[in-house]
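Student: Got a predicted model here, sequence first, then my questions.
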Amino acid sequence: MNQEAALNAFYENEGVEEIRLMEGGAHYLEYLTATGFMDSLIPPGAAVLDNCAGTGAYAFYLAGRGCIVTAGDIVPHNVEIMRHKQKEHPVLADIYYGSAQQSPWEDASFDVVLCMGALYHIHEPQGRKQAVLEAKRLVKPGGLVFFTYMNRYAVILNNTRDKVDNLEEILEYAGHGREGIFHASTPEAMEALIAECGLEKRHHAALDGVSNFLHGTAGLIDDDGLAQWRRYHAVTNQVPSLLGYSYHNLIIAAAAA
């Protein structure tokens with residue numbers, strides 16, 4: 001089964017990203033942190049492309065804030081869910097099926113481009129570079145691009161947290177970051193890729209931080225507990241030494257003006 005077929009099978013049968021983000025604990029903190037950056041950096045009325053939108057968690061959020069949002073995904077099942085949601089709540093400007101590596105839009109069409117998920121699934125370095133360059137092509141001069149990636153260091157820590165009975169496999173993974181349909185990078189590699197593609201890093205943040213490694217993390221969904229932890233996370237999520245602990249990280253980069 002090739003990568004695209006495997007992606008389709010995964011997201012059709014078990015992997016609805018929006019459900020993961022909303023289920024609580026570290027995942028919900030990830031969503032709150034990402035939307036917090038959006039609130040501070042993306043003004044209402046901005047033209048936004050979400051080019052790997054999943055089922056539209058961020059696309060519908062931004063449209064609800066008054067942004068003009070176009071959303072697409074490479075998984076047909078995800079696109080159909082977005083279209084169904086659009087019928088009930090028609091706020092998106094457009095929905096399309098397509099890859100983050102090759103989009104149908106003209107150069108410099110958007111104020112902001114979200115590439116928040118595609119890099120989870122592209123194994124080959126040239127393919128990852130192509131996705132970054134495509135986002136750069138589509139954003140206007142001075143515009144922002146949001147990239148998320150899975151962090152290899154955190155995956156390794158999680159796999160060795162309780163016991164180590166597959167050390168050879170873990171160390172092999174440390175060298176390439178591939179596990180099934182998923183690819184995990186490192187903060188250093190991502191910053192190098194962004195720079196290589198001619199984008200300027202503005203923010204590099206841990207979306208879920210150390211929350212994955214706290215016992216009883218699900219309790220963070222309690223309103224008081226989540227509020228307390230979110231305040232701490234908000235002032236520490238861009239501390240470079242903590243980036244390696246976070247499963248999901250966010251780089252916000254700017255195109256040259």
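Tutor: That came through, no problem.
Student: just the strands in the chain please.
Tutor: Taking DSSP state E as the test, the strands found in the chain are 47-50, 68-73, 94-97, 110-115, 139-151, 178-179, 182-185, 200-206, 248-254.
Student: averaging pLDDT over each of those, which comes out lowest?
Tutor: Lowest mean pLDDT of those: strand 178-179, a mean of 80.
Student: Can you tell me the strand partners of that strand and which way each runs?
Tutor: The pairing partners recorded for strand 178-179 under DSSP bridges are strand 182-185 (antiparallel).
Student: Would you mark the buried spots in the strand it pairs with?
Tutor: Of the residues in strand 182-185, His183, Ala184, Ser185 count as buried by neighbour count, 16 or more other CB atoms under 10 Å. From N, CA and C alone the C-beta is placed, and that goes for glycine too.
Student: One more: stretch 199-219?
Tutor: Across stretch 199-219, burial judged by 16+ other CB under 10 Å covers 199, 203-213, 217.
Student: cool, stretch 236-255 as well?
Tutor: 237, 243-255.
Student: give the contact list for Ala46.
Tutor: Cys67, Ile68, Asp111, Val112 (CB atoms under 8 Å, 6 or more residues apart in numbering).
Student: And it, how far from His89?
Tutor: Ala46 sits 19 Å away from His89, going by CB to CB, to the nearest Å.
Student: what about the closest residue to Lys140 other than its chain neighbours, distance to Ala135?
Tutor: Nearest non-adjacent residue to Lys140, counting by CB to CB, 6 or more residues apart in numbering: Ala108, 4.6 Å away. Taking CB to CB as the measure, Ala108 falls 12 Å from Ala135.
Student: neighbour count winner among the two?
Tutor: Set Ala108 next to Ala135 and count neighbours by other CB atoms under 10 Å: Ala135 wins out with 29 against 14.
Student: so who does the more buried one touch?
Tutor: Shown in contact with Ala135 (CB under 8 Å, 6+ apart): Asn51, Ala100, Val113, Cys115, Val145, Phe147.
Student: ok, the residues you listed vs Asn158, which is closest?
Tutor: Asn158 lies nearest to Phe147 out of those, by CB to CB, at 21.9 Å.
Student: before we move on, the earlier item: now distance to Gly36 too, for the buried residues of stretch 199-219, in CSV please.
Tutor: Formatted as CSV, the buried residues of stretch 199-219 follow (distance: CB to CB, whole Å):
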residue, distance to Gly36
Leu199, 21
His203, 11
His204, 15
Ala205, 9
Ala206, 13
Leu207, 10
Asp208, 13
Gly209, 13
Val210, 17
Ser211, 15
Asn212, 19
Phe213, 21
Thr217, 19
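Student: out of these, who's nearest Val155?
Tutor: Each of the buried residues of stretch 199-219 was scored against Val155 by CB to CB, and Asn212 proved nearest at 9.8 Å.
Student: hang on, that closest one packs against Val155?
Tutor: No. In this structure, Asn212 is not within contact of Val155 by CB atoms under 8 Å, at 9.8 Å.
Student: low-scoring pLDDT stretches of the chain, where are they?
Tutor: Scanning the chain for pLDDT under 70 picks out the ranges 1, 14-26, 159-166, 214-223.
Student: Which residue ranges of this protein form helices?
Tutor: Counting by DSSP state H, one finds helices in the chain at the ranges 3-13, 17-22, 25-41, 57-64, 76-88, 125-138, 152-159, 167-176, 187-196, 223-236.
Student: Please identify the deepest-packed of those.
Tutor: helix 57-64 (a mean of 22; mean count of other CB atoms under 10 Å).
Student: What is that helix packed up against?
Tutor: Secondary-structure packing of helix 57-64 (3 or more CB pairs under 8 Å, 6 or more residues apart in numbering; DSSP states H and E): helix 17-22, helix 25-41, strand 47-50, strand 68-73.
Student: contacts for that helix?
Tutor: The contact list for helix 57-64 (CB under 8 Å, 6+ apart) reads 17-18, 21-22, 31, 34-35, 38, 42, 48, 50, 53, 69, 71, 82, 85, 89, 91-93, 114, 116.
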